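Asker: predicted model, plus sequence, below.
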Amino acid sequence: SGTRRRRADLHDRPRAAAWSRWSLDWHPITPGPTALLARAADTAGRVQPDTAIPNTQGYLFDAVVRHPVTVVAQPVG
């Protein structure tokens with residue numbers, strides 16, 4: 001139905017060169033295929049680009065990755 005960005009809840013204190021666990025409540029309205037995207041930001045406010053810069057060596061990939069999911073309808077009752 002559209003793109004909406006929301007801030008996730010961090011479960012770890014941000015540290016240099018380290019991953020942080022996060023979560024976000026998501027309640028889809030419409031069943032069917034969609035994609036979830038997570039975009040990281042560092043403590044300086046720099047964010048991952050939406051698309052990767054071409055890289056002939058094949059390392060240091062830094063773009064947002066799409067995670068396809070299928071929303072199923074919940075039974076009524």
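Answerer: Nice, thanks for sending it over.
Asker: which residue is nearest the centroid of the protein?
Answerer: Most central in the chain under Cα atoms, centre = their mean is residue 38, positioned 1.0 Å from the mean C-alpha point.
Asker: flag the shaky bits of the chain, pLDDT-wise.
Answerer: Low-confidence segments of the chain, defined by pLDDT under 70, are located at 1-2, 58, 75-77.
Asker: where do the strands sit along it?
Answerer: Remark: strands assigned in the chain by DSSP state E are 9-10, 22-23, 32-37, 66-71.
Asker: before we move on, the earlier item: quick one, phi psi at the residue nearest to the centre of the chain?
Answerer: In terms of degrees, to the nearest 10, the main-chain angles of residue 38 are phi -120, psi 130.
Asker: and it, what is it in contact with?
Answerer: Counting by Cβ atoms under 8 Å, 6 or more residues apart in numbering, residue 38 touches 8, 22, 64-65, 67. Backbone N, C-alpha and C define where each C-beta goes, glycine included.
Asker: make TSV out of the residues you listed and add distance to residue 30.
Answerer: Converted to TSV, these look like this (distance: Cβ to Cβ, whole Å):
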residue	distance to residue 30
8	22
22	24
64	22
65	23
67	17
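Asker: give the contact list for the closest residue to residue 36 other than its chain neighbours.
Answerer: Nearest non-adjacent residue to residue 36, counting by Cβ to Cβ, 6 or more residues apart in numbering: residue 67, 4.7 Å away. Residues near residue 67 by Cβ under 8 Å, 6+ apart: 35-38.
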